[in-house]
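Student: pasting the sequence and the predicted model now:
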Amino acid sequence: MLKISKLTVTVDGKTILNGLDLEVGPGEVHAIMGPNGSGKSTLANVIAGREGYQVTGGSVSFLGQDLLSLAPEKRAREGVFLAFQYPVEIPGVANVYLLKEAVNATRQHRGEEKLDAMDFLKLVREKLKLLQMKEEFLYRSVNEGFSGGEKKRNEIFQMAMLEPRLAVLDETDSGLDIDALKIVADGVNAQRSADRSVILVTHYQRLLDYIVPDRVHVLAGGRIVRSGDKHLALELEAQGYGWVESDPSTVSAA
Amino acid sequence: MSEGAANVAAYVAAQREQAPALPAFGTPSLDASRAQALESLSQLGLPSQRDEDWKYTSTRAITRAAFTPAVAGAPCPREFVSQTTIDGLDAWRLVFADGFWQPELSLLDDLPNGVQISGLGQSLGSEPQRIAALLGSALGQTPHGFIAMNSAFIGDGALIEIAPGTRVDKPIELLFISGCSGEGFLSLPRNLVVMGAGSQAAVIERHVSLADERLLSNSVSELILADNASLNYQSVQQVAPRGFHVGGMFARLGRSARLQATTVTMSGALVRNDALVNLDDEGGFASLDGLYLAFGRSHVDNHTHITHNAPHCVSREHYKGVLGDRGHAVFHGRIVVQPGAQKTDSVQNNQNLLLSADAEIDTKPQLEIYADDVKCAHGATVGQLDETAVFYLMSRGIDRQAARRMLTQAFAADVLNRIELPALRSYLEAQAAQRLSPEQIRESES
């Protein structure tokens, strides 16, 4: 599904990712953990194609094609989805309008017909139920005046609507209380499938109690310094990230 | 001879020639006020950038060659009127050709009791004294030469009188069509809206061009709101790319009267809107909203002036502009709180979206506060589209152009959403969407 090789990324001349390797197979859920400033969000943003990140080395291949050569909207249409750490408020653009444009742009890209109003509404209602959201929400402006939990829930709702092949969830757990976290996690779990991969970018192990990953990676100094199964997350929770910074074996080669 | 006098000589001469044919000529009070306005016009001349209130708006394109004041009689094609109507708008309608009322194109059937709608010229003919006494009462001082010119030529326009306690259940649309006399003509409509105590109405004033020609419309509307009257006043300028429009809205509000005005400028070579509101008694409420689009080489100037003359009045201003290409816009918001106008509550807000590096906005708040227990806030922003929002939409599969268009339309829709008449709102949304097409909002190459 996704293969990242020796990826090096700088922001304003500063190296953030430094030779990162990561491979995510179809249907797999990978968690990327690491201390603040380790480059987790940079990785998420580079996959989605955000401006301001200079890729100075390495490659990212998604379903066999060079992801980095595609514009952000093309990546989205090919099936890459980023759930934002800080979802953007867009006054004046109703959720339903954004979803309709987004869903139809992707369908058109795949050579499918645009959904008519009835089919679209049917799909929307089904997915709203998944995230326990009310229909009135559709007619509110995107994220405007939403609570932190509502914003994160909206991200997962959009994911459900767009049915991506690869979803990158950037700190989707941050700022959520337990109830909201459960709803969001249930929403993600319901979307797990053999042909959909998920990358969970998170600082805390808590999310992984609800969305159980196949693999856990520790990101530090711009690359993956340790990988393991779900137990690695518990280990990190117990030990903190201190060892990552102090253990000389994890220091990246200059 | 001053420059001022020079650029109006042709208009002064035309007025002298036309005056005897103007409605109610020979009514002493009206003759006197027209003569006085003509004198003001001679003295003031047409404004130039040396006038503080016209600092950012050059009138040279208007003054370089005089326009000919139109006279009654030019026909307006009926099919143009039907093309121009707003879908689904159930309204009483008055149509004007170069400022002159066209009864055969108007819809005034079954006017209810308490609602008088007619051409001003006709009413001046039948009740000269009474109507002449009302004219000019919302105007106060003449702010500039264009207004003086309009007053000197007072002849036709719309007269709307709503009896006390009457609630008008359909909007009243005034459709002004410029260019019926041909290129180079000037129309000078004068409108008068008199709202009796406790009455309620909605009025739409639209200015459109018959053809893309060098035309000028110089329109003045006086709105007189008695105690507890409530008026929705929507004015829309859809002026051809080569057309000019100078419009004034002058309102006077009695005790607890409410004015909700929206000014939407879609197009025009030069559009200047003056909105002048006097809150004369306690509890008055005036809300002025505005949306202006300036693309190509369009120049749009909104000049608002709200005076709080009494305590406990509220004023709100919310103007937004979208500028592209070499578009230029001006927002000048003046708020005066007179001594004794305690507990004034005033908020002014002007937001501008610049889509190209060559577009220009001059925004100028001007607060003059002579009372000490008041709440006045103002703010102005000038910005580009939020790149974070553009990326957010792109990350959902929407291409960059479409994302920019969505965000631009949303920015404009904020003002249009506040319009209470659904048919007008949908119409203006569609018009704005057309103006904010991908071609219009393309990024300038830099």
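Tutor: That came through fine.
Student: any idea how far A:Lys114 is from A:Arg107?
Tutor: Note on A:Lys114: its distance to A:Arg107, by CB to CB, to the nearest Å, is 6 Å. Glycine gets a C-beta too; all of them are placed from N, C-alpha and C.
Student: which of the two has more neighbours?
Tutor: Shown here are A:Lys114 and A:Arg107; by other CB atoms under 10 Å in any protein chain shown, A:Arg107 has more neighbours (15 against 12).
Student: could you look up the SS state of the more buried one?
Tutor: Put simply, A:Arg107 is helix when judged by DSSP: H, G, I helix; E, B strand; the rest coil.
Student: burial count for the residue of the stretch 51-200 of chain A found nearest chain B?
Tutor: Closest to chain B within the stretch 51-200 of chain A is A:Gly92: 2.8 Å, counting by CB to the nearest CB. A:Gly92: 19 surrounding residues under other CB under 10 Å.
Student: hmm, it is touching B:Arg418, no?
Tutor: No - applying CB atoms under 8 Å as the test, A:Gly92 and B:Arg418 come out as separate, 11.8 Å apart.
Student: and A:Asp209, what does it touch?
Tutor: Shown in contact with A:Asp209 (CB atoms under 8 Å, 6 or more residues apart in numbering or on different chains): no residues.
Student: that one and A:Ala185: what is the separation?
Tutor: Going from A:Asp209 to A:Ala185 by CB to CB gives 8 Å.
Student: so what's the residue of the stretch 51-200 of chain A closest to chain B up against?
Tutor: A:141, B:409-411, B:413-414, B:417.
Student: between the residues you listed, which is nearest A:Lys230?
Tutor: Set against A:Lys230, the nearest of these by CB to CB is A:Ser141 (38.3 Å).
Student: distance check, B:Leu270 against chain A.
Tutor: Distance from B:Leu270 to chain A, counting by CB to the nearest CB, to the nearest Å: 29 Å.
Student: correct me if wrong, but B:Ser123 is in a helix.
Tutor: Yes - the assignment for B:Ser123 by three-state DSSP puts it in a helix.
Student: can you pull the contacts of it?
Tutor: B:Ser123 sits next to B:131, B:159 when contact means CB under 8 Å, 6+ apart.
Student: same check, this time on the one 10 residues further on
Tutor: Contacts of B:Ala133 were listed using CB under 8 Å, 6+ apart, and they are B:Ser29.
Student: in whichever strand or helix holds it, what's buried?
Tutor: For B:Ala133, the enclosing helix or strand under DSSP states H and E is helix B:128-134. For helix B:128-134, burial by neighbour count (16 or more other CB atoms under 10 Å in any protein chain shown) applies to B:128, B:131-132, B:134.
Student: show me where the stretch 251-400 of chain B has strands.
Tutor: Using DSSP state E, counting those that start in this stretch, the strands assigned to the stretch 251-400 of chain B run over residues B:258-267, B:270-279, B:285-294, B:299-308, B:314-323, B:328-337, B:345-354, B:360-369, B:375-383.
Student: same check, this time on chain A
Tutor: Using DSSP state E, the strands of chain A run over A:2-11, A:14-24, A:29-33, A:54-62, A:65-66, A:80-83, A:90-94, A:141-142, A:166-170, A:197-202, A:215-220, A:223-228.
Student: including mean pLDDT, could the ones you listed go into JSON lines?
Tutor: Listed next are the strands of chain A as JSON lines, based on pLDDT from 0 to 100:
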{"stretch": "strand A:2-11", "mean pLDDT": "97"}
{"stretch": "strand A:14-24", "mean pLDDT": "96"}
{"stretch": "strand A:29-33", "mean pLDDT": "96"}
{"stretch": "strand A:54-62", "mean pLDDT": "97"}
{"stretch": "strand A:65-66", "mean pLDDT": "96"}
{"stretch": "strand A:80-83", "mean pLDDT": "98"}
{"stretch": "strand A:90-94", "mean pLDDT": "93"}
{"stretch": "strand A:141-142", "mean pLDDT": "95"}
{"stretch": "strand A:166-170", "mean pLDDT": "97"}
{"stretch": "strand A:197-202", "mean pLDDT": "96"}
{"stretch": "strand A:215-220", "mean pLDDT": "95"}
{"stretch": "strand A:223-228", "mean pLDDT": "94"}
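Student: how about the ones you listed in JSON lines, adding distance to B:Ala74?
Tutor: Output for the strands of chain A, formatted as JSON lines (distance: least, CB to CB, whole Å):
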{"stretch": "strand A:2-11", "distance to B:Ala74": "66"}
{"stretch": "strand A:14-24", "distance to B:Ala74": "70"}
{"stretch": "strand A:29-33", "distance to B:Ala74": "74"}
{"stretch": "strand A:54-62", "distance to B:Ala74": "65"}
{"stretch": "strand A:65-66", "distance to B:Ala74": "65"}
{"stretch": "strand A:80-83", "distance to B:Ala74": "61"}
{"stretch": "strand A:90-94", "distance to B:Ala74": "42"}
{"stretch": "strand A:141-142", "distance to B:Ala74": "47"}
{"stretch": "strand A:166-170", "distance to B:Ala74": "65"}
{"stretch": "strand A:197-202", "distance to B:Ala74": "70"}
{"stretch": "strand A:215-220", "distance to B:Ala74": "76"}
{"stretch": "strand A:223-228", "distance to B:Ala74": "79"}
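Student: and the ones you listed: which comes nearest B:Asn278?
Tutor: So among the strands of chain A, strand A:90-94 is nearest, using CB to CB, at 32.9 Å.
Student: and chain B, which residues reach chain A?
Tutor: Proximity of chain B to chain A (CB under 8 Å from any CB of the partner chain) is limited to residues B:386-389, B:391-400, B:402-403, B:406-407, B:409-411, B:413-414, B:417.
Student: buried subset of the residues you listed, written for PyMOL?
Tutor: In PyMOL syntax, the buried subset of the residues of chain B next to chain A is picked out as below (16+ other CB under 10 Å):
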select buried, chain B and resi 389+391+392+393+394+395+396+397+398+399+402+403+406+407+409+410+411+413+414
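Student: which other residues reach stretch B:88-97?
Tutor: So stretch B:88-97 is contacted by B:74-76, B:81, B:85, B:101-102, B:105-108, B:111, B:117, B:119, B:156-158, B:170-177, B:180, B:187, B:189, B:204, B:421-424, B:426-427 (CB under 8 Å, 6+ apart).
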